[in-house]
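J.: dropping a prediction and its sequence here:
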2 protein chains.
Amino acid sequence: MDIIVFGGDGFCGWPTALHLSAAGHNVTIADNLSRRSIDKELKVQSLTPIASIEERVQAWKEVTGKVIDFALLDIARETESLNELLLRINPQAVVHFAEQRAAPYSMRGPTQKRYTVDNNVGGTHNLLVALAEHAPNAHLVHLGTMGVYGYSGNGFSIPEGYIDVEVRDDHGDAHVREILFPTKPGSVYHMTKSLDQLMFQFYAQNDGIKITDLHQGIVWDTQTEETKLDPRLVNRFDYDGEYGTVLNRFLVEAAVGHPLTVHGTGGQTRAFINIQDTVRCIELAIKAPPRRGDKVKILNQIAETLSVIDLAKLVASRTGAEIEFVPNPRAEAAENELVVSNATFRGLGLDPILLDSANLQGTIALSKMHKHRVDFASIPAKSAWNREREQELSDAAQTRKLVA
Amino acid sequence: MDIIVFGGDGFCGWPTALHLSAAGHNVTIADNLSRRSIDKELKVQSLTPIASIEERVQAWKEVTGKVIDFALLDIARETESLNELLLRINPQAVVHFAEQRAAPYSMRGPTQKRYTVDNNVGGTHNLLVALAEHAPNAHLVHLGTMGVYGYSGNGFSIPEGYIDVEVRDDHGDAHVREILFPTKPGSVYHMTKSLDQLMFQFYAQNDGIKITDLHQGIVWDTQTEETKLDPRLVNRFDYDGEYGTVLNRFLVEAAVGHPLTVHGTGGQTRAFINIQDTVRCIELAIKAPPRRGDKVKILNQIAETLSVIDLAKLVASRTGAEIEFVPNPRAEAAENELVVSNATFRGLGLDPILLDSANLQGTIALSKMHKHRVDFASIPAKSAWNREREQELSDAAQTRKLVA
């Protein structure tokens, strides 16, 4: 297949592009390299040293003989170039990772809130318009997030995108209707993925675009079979307060002898998936497109659920690290249940890598190997969700100063 | 109250600004005048001759002695000016009409689809960010649309924004949950209002912004008590294929002796409201804000429902016009029921003007008075919803040519 990976320079996009290339597809990466510019804006960097995109694709060619093309392209702004790319490649599938992906960054301030909406919603919509116009038969595979569901389990399993509800008509008779799971995003970032859902619904219905939306859990780990092949192919390992996801932050903290910082009580239960399974799932999704005219196919791309405190205990048990409770910058429930169906990917053959596996040891080793690159100042979360949380964070900092 | 009317130069915004000013509020209009530039883009104009915004506010001052300030501002782009305006006015309420409002225009082509999303979603989000930052206690009153609900009645009344549904937990026990009415927008324009809903939900929850979202029906008529006071205050009367709503198109067709063009079977049932009631509803909504921390208050701003064919028959009976059936450019159900609650506005004292009233005669007279300004070429709908509808429209045009 001819496949374009939008956002193919990022944490999920890069290993996906390699995996699809290794599987024999003709892969083109389109990316505006915004992840690299945001690193500069935040004065942070990946724990693993990241080669330039030119070096990356060159290394891939040297190691495997396979060619990945790269197009520097901002789909939220450069609509003419987007059209030209689609016409030139005429892809059977496009994978869409080209969205700002960090909830804390999306809550950092007005500029970042606006950027996240303009980039994610504008970019996704531009892509849909361009597909309807120039590649109406291409299958769009989009990376969504578990976060669109909110986390109000309370005895309910979260289904895959849709839920059957009973509604009463004007005579009081009950009717079953299938609806999109009512969305309750917890950040501007998650909100953009909720907006994406509605745009997908419209373009699937109005223009018959074939769309798969993958509601992914928190990704952990760094390397995949392909990124391990050469140091220049290494994947990102973000551990800073904005882009570092919880497990990677814990691993870096453990590597440098810092306590594992648990936000709030740690009672937040989240869904997790290994990066190796992310790339496998994308390939499985590409192989099983919906038909033209179908509703959007929504799959939960997760392996397991765990509370943050249990995750901290797991890392502590493997590394001897201590656990420290810090104020939660997020406006969210202190504790929640979370039961999620991942039936479709299980049915497609996914046998997921679990946290309690040998892979965790590999990631611990990787974080120790690069620990000289750790910048302590970048670890604490700095983006408060609203004025109240900002006050709490500032009060806690004041208390720490007084104690010290 | 100090009130900013964003989009206060448009069809609903202008009479609203006058009405609020007449009621004694300090009104500032903020508008990018995009409605005037789109007229130029489409080579169409309002049936009524529209004065410049400077002449409009000058006339208002001459006639009433009241001052309305005007700020030229694009909230989708000029975020710094937006911040400055909020800080300068420190409004108790802001009315948000600053969105591209025509479904056919939003489906005209890729450029208009993108503009509608970038302008409506970007502008609304920018406003929310600015309110959270600089005016967190201001009440945001937004003009939504009945179109977010879709039109699949089938024995169900459409409630005001929220619906109680029963969901089964993992043990099969039923629980009642209140959810946002599942949205099914029928155009890119309607889709943007669905996206607005989710952004409002998030900012009400995360930042405690007080928000009222008014799901309005199709507005008919032109003049209000205030716009009648001087010819320079006259309101827009759009009748072209993009911006002309169905009743106004029928009235112009009747005035010039053209058959009333019914799209499809005319079995589409829609909700209607008179422009005079629009401005009254906005004032009622401003007077009854939700409390900080409340969910978004959603009200259906409609007076009655009627099918398009019944509307055509009503106009025909008053004017002697003929009825002609033409292909429907929209991808929508040929016929639908529609029963809608407008309980809240009724409770707040609204006694709506109905289509079968003296007002209709006044609008007929107005359209006859300006019939020398009618441009026949601008009447037919030209925006097809998708490739299939485009083909149908083109086939029908071909047939007409052959018959002629």
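T.: Thanks, I have the structure now.
J.: any idea which element A:Leu299 lies in?
T.: Using DSSP states H and E, A:Leu299 sits within strand A:297-301.
J.: any regions of chain A where pLDDT drops low?
T.: A:151-154 (pLDDT under 70).
J.: can you pull up the most central residue in it?
T.: Centroid-nearest residue in chain A, with Cα atoms, centre = their mean: A:Arg101, separated by 5.8 Å.
J.: is it correct that that one is in contact with A:Tyr189?
T.: Yes: using Cβ atoms under 8 Å, A:Arg101 makes contact with A:Tyr189 at a distance of 6.9 Å. To be clear about C-beta, it is placed using only N, CA and C from the backbone, and glycine gets the same treatment.
J.: show me what the longest helix belonging to chain A is packed against.
T.: Counting by DSSP state H, the longest helix found in chain A is helix A:110-134. Applying 3 or more Cβ pairs under 8 Å, 6 or more residues apart in numbering or on different chains; DSSP states H and E, we find helix A:110-134 packed against helix A:79-89, strand A:93-96, helix A:103-106, strand A:139-145, helix A:188-207, helix B:110-134.
J.: could you list the buried residues of that helix?
T.: Neighbour counts over helix A:110-134 (16 or more other Cβ atoms under 10 Å in any protein chain shown) mark A:112-134 as buried.
J.: got the contact list for the most far-flung residue of chain A relative to its centre?
T.: Most distant from the centre of chain A: A:His171, at 44.7 Å, with distances by Cα atoms, centre = their mean. The neighbours of A:His171, taking Cβ atoms under 8 Å, 6 or more residues apart in numbering or on different chains as the test, are B:Gly155.
J.: helix or strand: which one has it?
T.: Going by DSSP H and E, A:His171 is not in any helix or strand.
J.: how far away is it from B:Phe156?
T.: 10 Å (Cβ to Cβ, to the nearest Å).
J.: what does A:Val246 give?
T.: 43 Å.
J.: higher neighbour count, those two?
T.: Neighbour totals were compared for A:Val246 and B:Phe156, and A:Val246 leads with 22 against 18 (other Cβ atoms under 10 Å in any protein chain shown).
J.: thought the more buried one was touching A:Ile218?
T.: Yes: A:Val246 is in contact with A:Ile218 according to Cβ under 8 Å; the separation is 6.5 Å.
J.: which neighbours do the two share?
T.: What both A:Val246 and A:Ile218 touch, as defined by Cβ under 8 Å, 6+ apart, is the set A:Arg270.
J.: what's the closest non-adjacent residue to A:Pro182?
T.: Excluding the flanking residues, the one nearest A:Pro182 by Cβ to Cβ, 6 or more residues apart in numbering or on different chains is B:Ile179, at 4.2 Å.
J.: pretty sure the one you found is touching B:Gly161, no?
T.: No: taking contacts as Cβ under 8 Å, B:Ile179 lies outside contact range of B:Gly161: 10.0 Å.
J.: more crowded one of these two?
T.: Applying other Cβ under 10 Å to B:Ile179 and B:Gly161 shows that B:Gly161 carries more neighbours, namely 23 against 17.
J.: quick one, what contacts that one?
T.: Contacts of B:Gly161 (Cβ under 8 Å, 6+ apart): B:Leu180, B:Phe181, B:Asp213, B:His215, B:Val296, B:Lys297, B:Ile298, B:Leu299, B:Asn300.
J.: filter those to keep only those in contact with chain A.
T.: Subset of these in contact with chain A: B:Leu180, counting by Cβ under 8 Å from any Cβ of the partner chain.
J.: for stretch A:74-85, measure first residue to last.
T.: Using Cα to Cα, to the nearest Å, one end of stretch A:74-85 lies 12 Å from the other.
J.: quick one: buried residues of it?
T.: In stretch A:74-85, counting by 16+ other Cβ under 10 Å, buried: A:Asp74, A:Ile75, A:Ala76, A:Glu78, A:Thr79, A:Leu82, A:Asn83, A:Leu85.
J.: nearest to chain B among the residues you listed?
T.: Nearest to chain B out of those is A:Thr79 (Cβ to the nearest Cβ; 6.6 Å).
J.: excluding residues flanking it in the chain, which one is nearest A:His19?
T.: Here the residue nearest A:His19, using Cβ to Cβ, 6+ apart, is A:Val279, at 3.9 Å.
J.: verify the assumption that that neighbour is located in a strand.
T.: No: going by DSSP: H, G, I helix; E, B strand; the rest coil, the assignment for A:Val279 is helix, not a strand.
J.: do you know how far it is from A:Gln58?
T.: 21 Å.
J.: which residues touch the residue nearest to A:Ala103 when sequence neighbours are not counted?
T.: Using Cβ to Cβ, 6+ apart and skipping the chain neighbours, the partner closest in space to A:Ala103 is A:Ser187 (3.9 Å). Applying Cβ under 8 Å, 6+ apart to A:Ser187 gives the contacts A:Ala103, A:Pro104, A:Ser106, A:Met107, A:Gly147, A:Arg330, A:Trp385.
J.: and those as TSV, adding neighbour count?
T.: Converted to TSV, these look like this (neighbours: other Cβ atoms under 10 Å in any protein chain shown):
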residue	neighbour count
A:Ala103	23
A:Pro104	21
A:Ser106	25
A:Met107	25
A:Gly147	24
A:Arg330	21
A:Trp385	21
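J.: of these, which is the nearest to chain B?
T.: Taking the contacts of A:Ser187 together and measuring to chain B by Cβ to the nearest Cβ, the closest member is A:Trp385, at 6.2 Å.
J.: mind checking the SS state of that closest one?
T.: coil.
J.: swap in A:Trp60?
T.: Assignment for A:Trp60 (three-state DSSP): helix.
J.: now do A:Ile179
T.: strand.
J.: quick check: it touching A:Val165?
T.: Yes: between A:Ile179 and A:Val165 there is a contact under Cβ under 8 Å: 5.9 Å.
J.: joint contacts of the two?
T.: In contact with both A:Ile179 and A:Val165: B:Val165, using Cβ under 8 Å, 6+ apart.
J.: look up how far A:Asn235 lies from the closest residue to A:Ala22 other than its chain neighbours.
T.: Distance criterion Cβ to Cβ, 6+ apart; nearest residue to A:Ala22, sequence neighbours excluded, is A:Glu226 at 5.4 Å. Distance from A:Glu226 to A:Asn235, counting by Cβ to Cβ: 9 Å.
J.: same thing with A:Asp31?
T.: To A:Asn235, A:Asp31 is 14 Å away according to Cβ to Cβ.
J.: quick one, which of those two is more surrounded?
T.: A:Asp31 (25 against 22).
J.: residues in contact with that one?
T.: A:Phe6, A:Gly7, A:Gly8, A:Asp9, A:Gly10, A:Gly13, A:Ile53, A:Phe70, A:Ala71, A:Leu72, A:Leu73, A:Ala98.
J.: backbone dihedrals for it, please?
T.: Per-residue torsions, A:Asp31: phi -160, psi 150 (degrees, to the nearest 10).
J.: bridging residues for it?
T.: When assigned by DSSP bridges, A:Asp31 has beta-bridge partners A:Leu72.
J.: mutual contacts of A:Glu226 and A:Asn235, please.
T.: Contact criterion Cβ under 8 Å, 6+ apart; residues shared by A:Glu226 and A:Asn235: A:Pro15.
J.: no further queries at this time; thank you.
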